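>>> Need coordinates for the below:
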Amino acid sequence: MLNDVFKDTESKMGKAVESTRTEFAGIRTGRASPALLDRLVVEAYGSTVPLKQVASISSPDGRSLVVSAYDKSTVGAIRKAIETSDLGLNPNVDGQAVRLSFPPLTEERRKDLVKVVHKRAEEGKVAIRNVRHKSVDAVKALLKDHKITEDENKRAAEQLQKLTDKYIKDVDALVHAKEKEIMEV
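Below is the predicted model of the structure:
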């Protein structure tokens, strides 16, 4: 019973860290990375589809991306999706490709991005704490139903706290790495 609670907790906390990592991949640094466009969606073929399904993304150098549409009719929609995103990029349409150039980040923009990183990290930590809270409630329910003893309850609570600390430390490591990447000139 307790093992199921721990496995479920660990799985959900791992997903929260992974979600935070994915969020960080979408935050622009000085370098051009195809991962920046991962979360963009395009209005194409009468529905909303991920950009990856209508185009390939490559980075010919560290300062630009080329989005090559599979179908010429989607180029306008791709351009619009990039313009309306929060990335602050100006796409240049070149036939069947959309070119994106990344100007070097200003010091002020870097500091703003670090704030965004901290905000997203806090959201990840809150998600981890919420998982812990639900798991503690599940353990208390087991205690109330007399399926575990008081001692097992206390040990379980300590173990859940250790798991929480471990995953929050993982998020902090992600923050440190992303901050270093953003502040790199």
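>>> Excluding covalently adjacent residues, which one is nearest to Lys72?
By the measure of C-beta to C-beta, 6 or more residues apart in numbering, the closest residue to Lys72 outside its immediate chain neighbours is Gln96, 5.1 Å from it. Heads up, the C-betas are built off the backbone N, CA and C, glycines and all.
>>> neighbours around that neighbour, how many?
Per other C-beta atoms under 10 Å, the neighbour tally for Gln96 reads 14.
>>> Next, give phi and psi for it.
phi -100, psi 10 (degrees, to the nearest 10).
>>> Isn't it up against Val75?
Yes - applying C-beta atoms under 8 Å as the test, Gln96 and Val75 come out as touching, 6.3 Å apart.
>>> can you list residues touching both of the two?
Counting by C-beta atoms under 8 Å, 6 or more residues apart in numbering, the common neighbours of Gln96 and Val75 are Ala69.
>>> Glu10 - nearest residue in space that isn't next to it in sequence?
Leu163 (6.1 Å).
>>> what number of residues lie near that neighbour?
Quick note: Leu163 (other C-beta under 10 Å) scores 19 neighbours.
>>> Break the protein down into its domains, please.
2-25+106-183, 34-101 (automatic domain parsing).
>>> Name the SS class of Ile57, please.
Put simply, Ile57 is strand when judged by DSSP: H, G, I helix; E, B strand; the rest coil.
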